[in-house]
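Novice: Generate coordinates for the sequence data below:
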Amino acid sequence: MDRAQGPLHVSYGSTQLQFATGYLSLHHNVRVVTVQLGANDEFVLLDSCASAPNPALCVQQGLPAVLQSVATNIGIILASLRGVGYGGTIVLVNYYSLDYSDPNQTALSTLLNQAISAPAAAYGAIVADVFSTFAAAAAPVGGGKTCFAGLLNVNPLDTSSCDVHPAQSGHQLIAATVNSRLPAAEE
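Specialist: So this is what the prediction gives:
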């Protein structure tokens with residue numbers, strides 16, 4: 001989705017990181033910054049491997065580079081935020097599995113979350129464990145399927161399936177998970 005289809009809350013002509021570091025340099029009252037990235041990198045790999053002669057092997061071969069890129073990018077972001085003097089709370093938001101009953105899907109989410117979390121401690125960032133929160137919510141209601149648990153947006157073209165994005169209930173669960181990780185004074 002481009003910015004015309006999904007406009008941002010703030011318009012800027014730079015990268016998100018440039019905007020964020022510029023903003024933090026000028027506004028010293030910011031208490032919490034949240035960061036989430038990496039799923040689209042994994043989706044690009046999955047899409048590029050879909051037509052390969054052996055899609056599973058393609059993913060297996062490409063995944064280490066994707067995970068390293070995610071960890072490196074998170075590290076760059078955290079270093080940049082700290083580099084402008086931001087000393088407040090940084091929360092890394094990890095990802096849920098689309099289907100906890102599918103061991104392959106869940107393993108991909110787990111590996112992605114490990115890459116996201118890897119640089120956290122070095123920069124004093126904390127991780128909001130959305131993965132575990134969604135797993136707990138999806139288990140009793142949807143048999144591990146986040147779609148059937150009502151946590152994802154229903155696909156308007158096929159109401160028996162969902163897309164990858166959280167529904168309102170999923171957003172509320174993510175927000176509650178992030179909030180639970182904040183120091184008491186920042187809630």
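Novice: what mean pLDDT would you report for the longest helix along the chain?
Specialist: Counting by DSSP state H, the longest helix found in the chain is helix 55-83. The pLDDT scores in helix 55-83 average 97.
Novice: before we move on, what about stretch 171-178?
Specialist: For stretch 171-178, mean pLDDT rounds to 97.
Novice: re the thing from before, how far is the longest helix of the chain from where the chain is centred?
Specialist: Chain-centre distance of helix 55-83: 12 Å, with CA atoms, centre = their mean, to the nearest Å.
Novice: what's the answer for stretch 162-176, then?
Specialist: Worked out by CA atoms, centre = their mean, stretch 162-176 lies 12 Å from the chain centre.
Novice: And the pLDDT for Pro7?
Specialist: On the pLDDT scale, Pro7 gets 57.
Novice: Just after the lowest-mean-pLDDT helix or strand in the chain, pick out the following helix or strand.
Specialist: Within the chain, no helix or strand scores below strand 158-166, which has a mean of 91 by mean pLDDT, DSSP states H and E. Using DSSP states H and E, the next helix or strand after strand 158-166 towards the C-terminus is helix 168-180.
Novice: Next, the angle from that following helix to strand 158-166.
Specialist: 20 degrees (axes from the mean of the first three to the mean of the last three CA atoms, to 10 degrees).
Novice: elements contacting helix 168-180?
Specialist: strand 89-93, strand 126-128, helix 130-142 (3 or more CB pairs under 8 Å, 6 or more residues apart in numbering; DSSP states H and E). Bear in mind the C-beta positions are built from the backbone N, C-alpha and C, glycine included.
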